[in-house]
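Asks: Please work out how this folds:
(chains A, B, C and D)
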2 protein chains.
Amino acid sequence: MAKATIHEVAELAGVSIKTVSRVVNREKNVSESTRSKVESAVSELNYRPNQSARNLASTRSRLIGLLYEDPDTYEIPSAGFVVRMQQGSLKACRSAHYELLIHPCDFRKDDVVEEIQSLILEARPAGVVLAAPLSNMEAVVSAIDKSGTPFARLSPGDNAGTSLVIATNDRDSCAEMTRYLASLGHERIAFIKGDPSHKAVANRFLGYQDGLRDSGLEFSDRLVACGNNLFESGELAASILLEQDDPPTAIFAANDDMAAGVIRYVDRFGISVPDQLSVAGFDDVALAQQVFPRLTTIRQPLAAMAELAADALINSGGSTVNSNEIQVVDAKMIIRESTGPAPT
Amino acid sequence: MAKATIHEVAELAGVSIKTVSRVVNREKNVSESTRSKVESAVSELNYRPNQSARNLASTRSRLIGLLYEDPDTYEIPSAGFVVRMQQGSLKACRSAHYELLIHPCDFRKDDVVEEIQSLILEARPAGVVLAAPLSNMEAVVSAIDKSGTPFARLSPGDNAGTSLVIATNDRDSCAEMTRYLASLGHERIAFIKGDPSHKAVANRFLGYQDGLRDSGLEFSDRLVACGNNLFESGELAASILLEQDDPPTAIFAANDDMAAGVIRYVDRFGISVPDQLSVAGFDDVALAQQVFPRLTTIRQPLAAMAELAADALINSGGSTVNSNEIQVVDAKMIIRESTGPAPT
DNA sequence: GTGAAAGCGCTAACAC
DNA sequence: GTGTTAGCGCTTTCAC
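Replies: Sure, this is the predicted structure:
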């Protein structure tokens, strides 16, 4: 397979390379006849522009970088998140003929910033999508900001800063879930908090409190357990929450993995879900539909968010993306079989 | 953040750009004193070589492409596979200062081949890692082969061809699993086949038959069900397998998702695993440890395989990777609680 | 050990 | 509408 260059196409079509460039880049001011001559030369030679040459000449690459926390540090459940973000970014990239560079970072290493700088300097991506919880890290954010590379942050806990932000209404939807549980007659609704380094997850706790208040229920410390987002921590939290007198009749976990942990835990003791205990999660990961009973949960449209982000970056035309613009996409409550009326 | 070029480094260090290039590329024939002069200029200016310029000048990029089937077509379970392959590839890339381009393909579209050609022509990756089941597709494989780009295939069902192949001994390990079940006293061991387009999965069925033979057990059509690799198909297969007279006492599914489907199905009927039914899977996905009881399964070291592949590609020096070399890495049987002695 | 010059395949800026 | 020219920031070749 010969690797044709623009010169060969130009020669075959009997035009200058500039004209070929015009056709390939869909510029105007090309007559219909030359355009078709060029196009047939392109397809005859199977010509594709060399991206490296393009990048070098134009200082704008056709590359989007996707930065996220290395799944290793998060355990396997995050695979679904990673893949969904990738799918969204890829969708935007594909339709614009961009490629996606993925770059998981270990945010505990002190050279993350340097690593990200290298990526930007070496690969010169046209834009960078920054996933949570990286999107909250001051050092990371400011390093990218300083580089002048357009970037978008996904689900940062706070919206301060100069970048495009794509967020969900986590807090609202958690309040809604809490109200839903209350509406089923639950009066002792427990909450399992997630890893505090993930600010968006922290907002979920706030939503839980809102929902309690909205429903006229009193907040109580003893109904709050701390997890670390992992399945096992859900089991542990369940054991603590349920072993007290007057245990909760509903447990709302800040993510699905912990909620699944709760279900797994109570299953061993023959406690029936949802008859004796309602359980709700957050994220709608694959696991949510694979546990029995299937989880009532909240779905954050990660793929759509990443797509929105990549799309904005691609169409920012290299200029810094609309400063501090915030786009909120709705998280959606999904009611399945793990929640039901409070036991009487 | 200034984007320094090689010229600026050269000027600051008081040497020619060629010398800077030598230092950056760790070539020899540079005196210790110039090297350190250059190095301090590099770090002072925070210089990083522009990869596009490098690629253009050298025709060898520092990019590895990872091609796999778009998870959309496979449903969510495959997220774990995708991420593990990415992790392995990324590990090899990181240590060699390469970047990873990911490119999921929809293998049902007829322009896959063209799409892959474009990727190769435009991005000029130094090598391509081809995941299963793409690694079995004649059209895809031959297109990459023709392009002259070094590539490695992961778990292709057959090893014919001219590329490096990284495979596991699926068949052997399935035979081993079957013998293990037989050794527990099971005489009616059923098998749930996977999607036939995935040849490596097909080999698992062969291994099951081997194991039966090794154990002196007779193969019977009525103990074989067909699934499509998805959770739901495991449920369906279980219903068919178990509703017959003289049902199996053990079910070995060609992947974990289907095995989990079996567990979910029998759970609803109060059939106890492993007391009344043993269940085994293949892959050791996250789900395997999240179902109750946890799945006995076989783990294919996908990350290690992808790492091996990317590493070979990176170190092939642009020459075509050792033709038709096959590296076999062992799949490992993992015994958990879903299997036990046959009911008496 | 070190450097000068050419050129990789494009786009950008300006002719015509 | 179309073409010419000059780089983009490196590596390569060859000379010293």
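Asks: Assign a three-state SS to the closest residue in space to residue A:279 that isn't next to it in sequence, would you?
Replies: In space, and not counting its chain neighbours, residue A:279 is closest to residue A:338: 4.6 Å by Cβ to Cβ, 6 or more residues apart in numbering or on different chains. Where C-beta positions appear, they are placed from N, C-alpha and C, glycine not excepted. For residue A:338, the assignment made with DSSP: H, G, I helix; E, B strand; the rest coil gives coil.
Asks: Report pLDDT for residue A:338.
Replies: Turning to residue A:338, the model gives it a pLDDT of 98.
Asks: List the residues that contact residue A:54.
Replies: By Cβ atoms under 8 Å, 6 or more residues apart in numbering or on different chains, the contact set of residue A:54 is A:61, A:62.
Asks: tell me which element it falls in.
Replies: In the assignment (DSSP states H and E), residue A:54 maps to helix A:51-58.
Asks: Helix B:51-58 and that helix, what's the angle between them?
Replies: 120 degrees (axes from the mean of the first three to the mean of the last three Cα atoms, to 10 degrees).
Asks: So the helix or strand that comes right after helix A:51-58, near DNA strand C or not?
Replies: Downstream of helix A:51-58, the first helix or strand assigned by DSSP H and E is strand A:63-69. No - residues of strand A:63-69 contacting DNA strand C under Cβ under 7 Å from any atom of the strand: none, with a closest distance of 14.2 Å.
Asks: Report the buried residues of stretch A:258-276.
Replies: Using 16 or more other Cβ atoms under 10 Å in any protein chain shown as the test for burial, stretch A:258-276 gives A:258, A:259, A:260, A:261, A:262, A:263, A:264, A:265, A:266, A:271, A:273, A:274.
Asks: wait, stretch A:107-123
Replies: Residues of stretch A:107-123 classed as buried: A:107, A:112, A:113, A:115, A:116, A:117, A:119, A:120, A:121, A:122, A:123 (neighbour count, 16+ other Cβ under 10 Å).
Asks: Figure out how far that stretch is from the centre of its chain.
Replies: 20 Å (Cα atoms, centre = their mean, to the nearest Å).
Asks: contacting residues for residue A:157?
Replies: Contacts of residue A:157 (Cβ under 8 Å, 6+ apart): A:132, A:136, A:198, A:199, A:200, A:202, A:203.
Asks: quick one, helices of chain A?
Replies: Along chain A, counting by DSSP state H, helices occupy A:6-13, A:17-24, A:32-45, A:51-58, A:79-96, A:112-123, A:138-147, A:170-183, A:199-214, A:231-242, A:256-267, A:302-314.
Asks: Alongside chain B, which residues does the stretch 101-250 of chain A contribute?
Replies: Taking Cβ under 8 Å from any Cβ of the partner chain as the criterion, the neighbours of chain B within the stretch 101-250 of chain A are A:101-104, A:117-119, A:121-124, A:146-148, A:231.
Asks: Repeat the analysis, applying 6 Å as the threshold.
Replies: A:101, A:102, A:118, A:121, A:122, A:123, A:146, A:147 (Cβ under 6 Å from any Cβ of the partner chain).
Asks: Could you count how many residues lie near the last one?
Replies: Neighbour count of residue A:147, defined by other Cβ atoms under 10 Å in any protein chain shown: 19.
Asks: contacting residues around the nearest residue to residue A:62 once chain neighbours are set aside?
Replies: Spatial nearest neighbour of residue A:62, excluding adjacent residues (Cβ to Cβ, 6+ apart): residue A:98 at 4.7 Å. Neighbour list for residue A:98: A:62, A:64, A:314 [criterion: Cβ atoms under 6 Å, 6 or more residues apart in numbering or on different chains].
Asks: what does residue A:105 give?
Replies: Applying Cβ under 6 Å, 6+ apart, the residues contacting residue A:105 are residue A:112.
Asks: measure it to residue A:144 for me?
Replies: Between residue A:105 and residue A:144 the distance is 12 Å, computed by Cβ to Cβ, to the nearest Å.
Asks: neighbours of residue A:95, just the number please.
Replies: Residue A:95, neighbours per other Cβ under 10 Å, totals 12.
Asks: Apologies, that question was intended for residue A:151.
Replies: As a burial measure, residue A:151 scores 28 neighbours (other Cβ under 10 Å).
Asks: bridging residues for it?
Replies: Residue A:151 has these beta-bridge partners by DSSP bridges: residue A:128.
Asks: that older thread, what's the most buried one of the helices of chain A?
Replies: Most buried of the helices of chain A, by mean neighbour count (mean count of other Cβ atoms under 10 Å in any protein chain shown): helix A:256-267, with a mean of 26.
Asks: And for that helix, what's in contact with it?
Replies: With contact meaning Cβ under 6 Å, 6+ apart, helix A:256-267 is reached by A:77, A:192, A:227, A:230-231, A:233-235, A:238, A:251, A:253, A:273, A:277, A:279, A:281, A:283, A:285, A:287-288, A:291, A:295, A:297, B:292.
Asks: can you tell me which of those residues are in strands?
Replies: With strands defined by DSSP state E, the entries of the contacts of helix A:256-267 inside them are A:192, A:251, A:253, A:279, A:297.
Asks: give the contact list for the first one.
Replies: Put plainly, it is residue A:192. Counting by Cβ under 6 Å, 6+ apart, the residues that residue A:192 touches are A:225, A:227, A:237, A:253, A:258.
Asks: Quick check: the second one vs DNA strand D, distance?
Replies: From residue A:227 over to DNA strand D the distance is 47 Å, taken as Cβ to the nearest atom of the strand, to the nearest Å.
Asks: residues in contact with that residue?
Replies: By Cβ under 6 Å, 6+ apart, the contact set of residue A:227 is A:192, A:194, A:233, A:234, A:237, A:258.
Asks: which residue packs closest to it, ignoring adjacent ones?
Replies: For residue A:227, ignoring the flanking residues on the chain, the nearest one in space by Cβ to Cβ, 6+ apart is residue A:233 at 3.6 Å.
Asks: In the stretch 151-300 of chain A, where is pLDDT below threshold?
Replies: Within the stretch 151-300 of chain A, no range satisfies pLDDT under 70.
Asks: picking up where we left off before, let me know the closest of the contacts of residue A:157 to residue B:180.
Replies: Proximity of the contacts of residue A:157 to residue B:180 (Cβ to Cβ) peaks at residue A:198, which lies at 41.0 Å.
Asks: Would you confirm that residue A:17 contacts residue A:8?
Replies: No - judged on Cβ atoms under 6 Å, residue A:17 makes no contact with residue A:8 at a distance of 9.7 Å.
Asks: if I look at residue A:95, how far off is residue A:48?
Replies: Distance of residue A:95 to residue A:48, computed by Cβ to Cβ: 17 Å.
Asks: can you list the residues of the stretch 1-150 of chain A near DNA strand C?
Replies: For the stretch 1-150 of chain A, the contact set with DNA strand C under Cβ under 7 Å from any atom of the strand comprises A:3-7, A:17-18, A:21, A:24-25, A:47, A:49-50, A:53-54, A:56-58, A:60.
Asks: give me that answer again for 10 Å
Replies: A:3-10, A:16-25, A:27, A:29, A:45, A:47-60, A:62 (Cβ under 10 Å from any atom of the strand).
Asks: Within reach of DNA strand D, which of those are there?
Replies: A:6, A:10, A:16-23, A:27, A:29, A:52-59.
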